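> Sequence and computational prediction follow.
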Amino acid sequence: MAEKNEMDLKKVKELIELMIDKDLVEIELKDGDKKISLKRPQAPPVITHVPMTHAAAPAPAETAVAESASQAEESDLVEIKSPMVGTFYSAPSPDADPFVSIGTRVGPETVVCIIEAMKVMNEIKSEVSGTITEILSAPGKALEFGEAIFKVKPD
């Protein structure tokens, strides 16, 4: 009996190594009445420490001007949204370069990412000409229909 438990533990360790090697988030195996389900946690958000300075706070008028300029700049951007529910991938494989990064110029036919839905990999095209200014999703993240993935400054 102990030999069987060691074998099961060895199989679980092999599955974990496979998940890490292939950058899988979830794996489930069924064999008769036995079932193994493994899930890797999503990467935690990165928190950086920014020291506080004792500089004078900007005057309210300066803050209002800066905020309105920022909002005007934001309103010029176009969002590339997810056309389906699925898992976001920024590259064709875990060891490949991402399709796009901040500053990449895209056209309407440029593939910007892959969304996996029901075990099918769907290439997502930009559908707009411009420059990528922001990437709003992380590899392996579950996307909802209509969720913004990228922001593009149109030409």
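On my side now, so go ahead.

> Residue ranges in the protein under the pLDDT threshold?
The model of the chain has pLDDT under 70 over residues 1-7, 41-74.

> Against residue 12, how distant is the residue positioned nearest the centre of it?
Nearest to the mean C-alpha position of the chain, counting by CA atoms, centre = their mean, stands residue 138 at 1.7 Å. According to CB to CB, to the nearest Å, residue 138 stands 27 Å off from residue 12. Placement of C-beta: from N, CA and C, glycine included.

> Spell out which helix or strand contains residue 113, please.
When secondary structure is defined by DSSP states H and E, residue 113 falls within strand 111-117.

> For that strand, buried residues please.
Residues of strand 111-117 classed as buried: 112-116 (neighbour count, 16 or more other CB atoms under 10 Å).

> between the helix or strand following it and strand 111-117, how big is the angle?
The helix or strand immediately downstream of strand 111-117 is strand 120-125, counting by DSSP H and E. Taking axes from the mean of the first three to the mean of the last three CA atoms, to 10 degrees, one finds strand 120-125 and strand 111-117 inclined to each other by 150 degrees.

> which helices and strands does the helix or strand just after strand 120-125 pack with?
Downstream of strand 120-125, the next assigned helix or strand under DSSP H and E is strand 130-135. Applying 3 or more CB pairs under 8 Å, 6 or more residues apart in numbering; DSSP states H and E, one finds that strand 130-135 makes contact with strand 105-106, strand 148-154.

> Residue 83 and residue 124 touch, don't they?
Yes - Residue 83 is in contact with residue 124 according to CB atoms under 8 Å; the separation is 6.9 Å.

> Neighbour count: those two, which is higher?
Applying other CB atoms under 10 Å to residue 83 and residue 124 shows that residue 124 carries more neighbours, namely 23 against 16.
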